[in-house]
Every structure is written in C-alpha cells, then in structure tokens.
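**Student:** okay, here's the prediction I keep looking at, along with the sequence it came from:
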Amino acid sequence: MNLPPLYLLRHGQTDWNRDGRIQGQMESDLTDLGRAQAGRQGEILTGLSLPKDIRAHVSPLRRTRQTADLAVAPLGLTLNLDDRLKEVTMGEWEGHYYAALRPTLDAEFQTMSGFDLCLNSPGESEAELRARCQSFLEDITGPSIIVSHGIALTILRGVVRGLSYDEMAALEREQGVVIALIDGAETLHR
C-alpha cells in the first residue's frame, strides 16, 4: 500500500487498562501514568522532523481524545475525529474483567492471547476491523498523525505492512511511544 508518512500513537494507560478490564468501545479515562505517556508522545513528536502539511486523525473515544489533547494539540493541529479509528468492539464482554471472564468461556478461549481474545469476542471480527482500517487508509491524502487503540492500530499496521494475522499478533502494542510508518517500514520512537 502506497501511503504518505504515518505517525501512530496508542492512547495512554487508562484506569481500565490498569485494572484489567475489557474496554472495547466503552469509555474510560487516562490515569496519571497515561497522561504522562501522552505528554511523552508530544515530546517525541516535537523532536521529529514532521512534514509541514501533516494532519491529525483521532478516534472519538474519550481516552484517545485525552491523549491527543496532550500529545498532538500543542502542535497547533486540528484534531479530526474519525469513527473508523475506534477500538474493536467486543460486544457483551465490554466492561467485564479479563480475569473474571476467562473462566466462564470455553476452554479454547481461556488460553488465548489478549489480541486473539479481542478478535474472537461476540463483537467485531478481525475482517470487519480490517475493512474499517482499510477504508480509513484509502482516504488518507497526506502525512498524518493517528491516535487510536491497541488492537485497531495493530490491524492498521498490518494492513499497511501486508502482515499476516500471526505477524500482527506478535507486534508490540506499547503505550507512550510513537510508531512512524514511512515507505512501509516501521520505526519505534521512545
């Protein structure tokens, strides 16, 4: 996929991340650590040689807007909200604690990674999330900062780089960093 430079930011830690609770598209707020991580992302962006015509695209969920307000808004960019950047929805599992949910599921679900569990929930499938990310990427017209979520950004990275499901599952989903995707190559900035 031929795209302009992309700079990806996962939202900072939320109270639900900290507590092991399934967020999906439910709302939660950044913790003190999450706000510090977003501040660090802003420092990283300031230190990069960003293109002058860069735009910012943000998931409309509260945790990503809070992150963008701290990391991206200081750059003087308008924050363009886009529903296609929302996290994968996990249906009736949202709001539950991972530790309490796993024992109630069939045996195959109990040992799945968090990535696999999210994409095998009673909500959105990997194919549906992939289509959403693909649609978003097809509309990108210039260099972009993208503020989104762990699973959504993993799929987006996979689409851009042409990765298999297993290769996507192996990707890190770190908070407080910026991932630059330029000419199909990925660079992690801490």
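**Tutor:** Arrived safely. Residues are numbered from 1 along each chain as shown.
**Student:** for the rest of this, base every contact and every neighbour count on C-alpha atoms.
**Tutor:** OK.
**Student:** buried ones in stretch 94-106, by neighbour count?
**Tutor:** Judged by neighbour count (16 or more other C-alpha atoms under 10 Å), stretch 94-106 contains these buried residues: 94-95, 98, 102.
**Student:** do the same with stretch 108-125
**Tutor:** Per 16+ other C-alpha under 10 Å, stretch 108-125 contains these buried residues: 109, 115-119, 121, 123-125.
**Student:** over to stretch 3-20?
**Tutor:** Buried, per 16+ other C-alpha under 10 Å, within stretch 3-20: 3-17.
**Student:** relative to residue 18, how far out is the spatially most central residue of the chain?
**Tutor:** Centroid-nearest residue in the chain, with C-alpha atoms, centre = their mean: residue 149, separated by 2.2 Å. Residue 149 sits 15 Å away from residue 18, going by C-alpha to C-alpha, to the nearest Å.
**Student:** lowest pLDDT pick from the buried residues of stretch 108-125?
**Tutor:** Among the buried residues of stretch 108-125, residue 109 has the lowest pLDDT, at 83.
**Student:** is it true that it lies in a helix?
**Tutor:** Yes: under DSSP: H, G, I helix; E, B strand; the rest coil, residue 109 falls within a helix.
**Student:** return the residues in contact with it.
**Tutor:** Counting by C-alpha atoms under 8 Å, 6 or more residues apart in numbering, residue 109 touches 102, 117.
**Student:** ok, the buried residues of stretch 108-125 vs residue 174, which is closest?
**Tutor:** Nearest to residue 174, judged by C-alpha to C-alpha, of these is residue 115 at 13.1 Å.
**Student:** wait, isn't that closest one in contact with residue 167?
**Tutor:** No: with contact defined as C-alpha atoms under 8 Å, residue 115 does not count as touching residue 167 (11.6 Å).
**Student:** so the closest residue to residue 84 other than its chain neighbours, which state does it fall into?
**Tutor:** In this structure, residue 84 finds its nearest non-sequential neighbour in residue 132, 5.5 Å apart by C-alpha to C-alpha, 6 or more residues apart in numbering. Assigned with three-state DSSP, residue 132 falls in the helix class.
**Student:** scan the protein for its longest helix.
**Tutor:** Using DSSP state H, we find that the single longest helix of the chain is helix 32-47.
**Student:** for residue 38, give its distance to residue 172.
**Tutor:** From residue 38 to residue 172 the distance is 17 Å (C-alpha to C-alpha).
**Student:** ok, residue 120 next?
**Tutor:** Distance, residue 120 to residue 172, by C-alpha to C-alpha: 19 Å.
**Student:** and stretch 88-101, average pLDDT?
**Tutor:** On average, stretch 88-101 scores 95.
**Student:** can you give me the end-to-end distance of that stretch?
**Tutor:** First residue to last in stretch 88-101 (C-alpha to C-alpha) measures 18 Å.
**Student:** okay, and the residue nearest to residue 130 when sequence neighbours are not counted sits in which element?
**Tutor:** Nearest non-adjacent residue to residue 130, counting by C-alpha to C-alpha, 6+ apart: residue 155, 6.1 Å away. Secondary structure from DSSP states H and E places residue 155 in helix 150-161.
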